[in-house]
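S.K.: Fold the following, please.
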Amino acid sequence: MTIMVTGASGRLGGTVARLLLERSTGERIVVGARDRRAVAGLGAEARAADYDDPTVLKTAFTGVDILYLVSTNGPHSGRLAQHTAAIHAAADAGVGHIVYTGILGSAPPVIGALAWDTERVIEASGVPHTILRHSLYTQNYTASLAETLADGELVSATGSGRVATADLGDLARAAVEVLLDERHRGVVYELTGPRAWRLDELAAAVAERAGTPVAHRPVSGAELTAELLAAGVPASGAEVLVGIETAIAAGAFTEVSPDLEGLLGGPATSMEESVDSALAQLG
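M.R.: Okay, the predicted model is just below:
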């Protein structure tokens with residue numbers, strides 16, 4: 001059986017590829033990226049998989065039994081065209097199973113519309129599939145801890161809203177379970193962390209563990225937009241970030257699903273454990 005991981009040059013795809021190589025027992029693992037040189041060092045067969053080139057995609061997907069389809073980056077319209085090209089190429093190449101990384105059904109349209117539209121394209125393709133609907137990554141909040149500690153504050157428009165983020169490593173491990181076991185075919189999973197937490201809880205966890213004062217400074221969506229633009233964030237990026245945070249404030253990401261822990265066969269990583277890992281990397 002041949003399993004291909006797209007987007008293997010990114011955080012999620014790269015982690016999934018490495019875990020597959022560790023876990024596989026005879027499966028052929030193939031990795032893909034726009035530039036195959038970016039994934040040549042992973043230790044698997046590397047193929048060029050440019051979502052903007054249908055001919056290249058069909059060649060890349062030839063002989064693949066299971067395709068792990070990672071979402072691309074960029075504006076919705078361009079990304080949907082890319083996803084559609086990849087799905088059609090997979091169907092044309094005879095791929096037997098697509099595992100797609102989407103987003104929770106409760107996400108705001110500013111980030112959810114692409115995933116839901118992609119799911120409809122997959123359904124229409126007739127290719128058997130599994131949908132992994134991800135929550136927000138905990139790493140989205142822990143990746144900038146050095147800056148947070150330097151500033152002594154976390155600024156957000158989340159208010160008192162809660163968010164059940166999932167650890168990226170957990171999501172990768174769950175994906176490997178799905179890719180290596182055909183019993184998951186045809187299932188839609190909602191993958192969240194073990195509990196929903198507030199940004200002031202994150203600030204308190206960072207402060208306690210780092211021994212440095214950190215506070216959560218809540219602002220309005222308009223105030224956050226102004227601060228992001230002043231910091232040089234493009235308007236489109238600011239719109240997405242503010243849309244996510246105001247959705248959190250409105251309760252969009254509070255629901256906790258047991259699906260992730262079910263795939264992992266045990267407890268999912270807590271926000272506090274993700275903070276510990278991020279601080280350990282800072283040294």
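
S.K.: Show residues contacting stretch 88-96.
M.R.: Stretch 88-96 is contacted from outside by 54, 57-58, 60-67, 69, 98, 125-128, using Cβ atoms under 8 Å, 6 or more residues apart in numbering. Yep, even glycine has a C-beta here, placed from its N, CA and C like the rest.

S.K.: Please apply the same query to stretch 40-53.
M.R.: Residues contacting stretch 40-53 (Cβ under 8 Å, 6+ apart): 4, 6, 8, 14, 17-18, 20-21, 28-37, 39, 56-57, 59-61, 72, 82-83, 85-86.

S.K.: Filter those residues down to the ones in helices?
M.R.: In helices, judged by DSSP state H, the following of these are found: 14, 17-18, 20-21, 56-57, 59-61, 82-83, 85-86.

S.K.: of these, buried ones?
M.R.: 14, 17-18, 20-21, 56-57, 60-61, 82-83, 85-86 (16 or more other Cβ atoms under 10 Å).

S.K.: In JSON lines, list these along with distance to residue 265 and pLDDT.
M.R.: Formatted as JSON lines, these follow (distance: Cβ to Cβ, whole Å; pLDDT from 0 to 100):
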{"residue": "14", "distance to residue 265": "23", "pLDDT": "95"}
{"residue": "17", "distance to residue 265": "21", "pLDDT": "96"}
{"residue": "18", "distance to residue 265": "20", "pLDDT": "96"}
{"residue": "20", "distance to residue 265": "17", "pLDDT": "95"}
{"residue": "21", "distance to residue 265": "20", "pLDDT": "95"}
{"residue": "56", "distance to residue 265": "37", "pLDDT": "92"}
{"residue": "57", "distance to residue 265": "34", "pLDDT": "94"}
{"residue": "60", "distance to residue 265": "32", "pLDDT": "95"}
{"residue": "61", "distance to residue 265": "30", "pLDDT": "96"}
{"residue": "82", "distance to residue 265": "34", "pLDDT": "93"}
{"residue": "83", "distance to residue 265": "30", "pLDDT": "95"}
{"residue": "85", "distance to residue 265": "36", "pLDDT": "94"}
{"residue": "86", "distance to residue 265": "30", "pLDDT": "95"}
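
S.K.: which of the residues you listed lies closest to residue 144?
M.R.: For these, the residue nearest residue 144 by Cβ to Cβ is residue 14; the value is 20.1 Å.

S.K.: who touches the residue lying closest to the closest one once chain neighbours are set aside in this structure?
M.R.: Residue nearest to residue 14 in three dimensions, not counting chain neighbours: residue 8, with 5.5 Å by Cβ to Cβ, 6 or more residues apart in numbering. Applying Cβ under 8 Å, 6+ apart, we find residue 8 in contact with 14, 16-17, 31-33, 38-39, 42, 46.
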